[in-house]
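Novice: quick one: sequence plus predicted model below, questions after.
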Amino acid sequence: MSTSIRSSKARACVVILALAASTVQAWEPAPATSARQVLQDARQDAAAGRLAEAAEKHLWFHEHVLEREPSMVGVRLSFALHDWVALARRYPPAMAQLITVRDTAAARVEAGGMAGEKALTELIGINRHLKAPESTRDAFSRLLQRDPVIAERSVLEVLPALIELNDIALASKHLRVDDVVGRTESFYMHVRAVKPSLPANQVEDMKRWQQRYVDIRLARVAYVLCKDRREAEAEQVVARGRALLEADASSHHMTEALRCIAPPNEDAG
């Protein structure tokens, strides 16, 4: 039996298992319960040792939060996922649920298009917390085969995994420098234009984290270019990053990337 056939059968099994698991999931919050409250209750259950109850709530939150509160899209793949992974490390059934959700997303990647891109984003978030860069690289490679334009649009999110695996060739090949830097510039100008109603010290802290986000994000691009001996392009990326940021901003990680020193692999970037 060929490798591709075995791989297809394995992914089909994942989908079947995921569908079976979804029919078992009986827990539902009351209709009036907010998704935010479900997440808070899951945390309280975990702290009190009610691990099975916490696992049910985390699974429901991940699968249904956007139906009730679309604004929590960021929380779903950050704070909530962090808590779910912490629970999963204590409670094996929760880990099995999490892996099933991740593998189901991996199977959806092969649809290509916006659905494949959305599934890849979910998978990247889960793998970042599980520290599973190989799974991210494999899914990215499959999306490249199915829909290369969509896959390359996600390359910035995949870079941490590829850098961790030292797969510089794959990262460099699909790095459209003007596009990824341009999108980072647009993002930063957008968030800086927002004037939050916060105390001055909190506004300053937010600005510093936004600056650090850009520094690390563009440092990853410059690092890949440096490692692939595309030094001139790396210098252009760093020059654009420095021009984008305010005079008081740190460009430490971009500067280090020009010496082929990798930036931190963390959620802040």
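Specialist: That came through fine.
Novice: pull the CA atoms of stretch 193-207 into PDB?
Specialist: Presented in PDB, the C-alpha positions along stretch 193-207 are these (Å, rounded to 0.1, in the frame of the first residue of the first chain):
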ATOM      1  CA  ALA A 193      -4.600  54.600  14.900                       C
ATOM      2  CA  VAL A 194      -6.900  53.200  17.600                       C
ATOM      3  CA  LYS A 195      -7.100  55.400  20.600                       C
ATOM      4  CA  PRO A 196      -8.200  53.200  23.600                       C
ATOM      5  CA  SER A 197      -9.900  54.800  26.600                       C
ATOM      6  CA  LEU A 198      -7.300  53.600  29.100                       C
ATOM      7  CA  PRO A 199      -5.000  55.200  31.700                       C
ATOM      8  CA  ALA A 200      -1.900  56.700  30.200                       C
ATOM      9  CA  ASN A 201       0.400  54.000  31.700                       C
ATOM     10  CA  GLN A 202      -1.700  51.300  30.100                       C
ATOM     11  CA  VAL A 203      -1.700  53.000  26.800                       C
ATOM     12  CA  GLU A 204       2.100  53.200  26.900                       C
ATOM     13  CA  ASP A 205       2.400  49.500  27.800                       C
ATOM     14  CA  MET A 206       0.100  48.600  24.900                       C
ATOM     15  CA  LYS A 207       2.300  50.600  22.500                       C
END
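Novice: identify the residues contacting it?
Specialist: Contact with stretch 193-207 is made by 192, 246, as judged by Cβ atoms under 8 Å, 6 or more residues apart in numbering. In this view, the C-beta of every residue, glycine as well, is placed from N, C-alpha and C.
Novice: try 7 Å this time
Specialist: By Cβ atoms under 7 Å, 6 or more residues apart in numbering, no surrounding residue is in contact with stretch 193-207.
Novice: now that stretch, how far from the chain's geometric center?
Specialist: Stretch 193-207 has its average C-alpha position 25 Å from the chain's average C-alpha position, going by Cα atoms, centre = their mean, to the nearest Å.
Novice: could you pull up the mean pLDDT of it?
Specialist: For stretch 193-207, mean pLDDT is 86.
Novice: stretch 212-228 now?
Specialist: For stretch 212-228, the per-residue pLDDT averages 97.
Novice: for Gly125, which non-adjacent residue is spatially closest?
Specialist: Leu77 (3.5 Å; Cβ to Cβ, 6 or more residues apart in numbering).
Novice: for that neighbour, grab the count of nearby residues.
Specialist: 19 (other Cβ atoms under 10 Å).
Novice: I figured it was touching Asn127, is that so?
Specialist: No. Assessed by Cβ atoms under 7 Å, Leu77 is found out of contact with Asn127, at 10.9 Å.
Novice: and what about Ile261, helix, strand or coil?
Specialist: Under DSSP: H, G, I helix; E, B strand; the rest coil, Ile261 falls in the coil class.
Novice: now do it, the pLDDT please.
Specialist: 97.
Novice: not counting sequence-adjacent ones, nearest residue to it?
Specialist: Leaving aside its chain neighbours, Ile261 sits nearest to Tyr223 (7.3 Å; criterion: Cβ to Cβ, 6+ apart).
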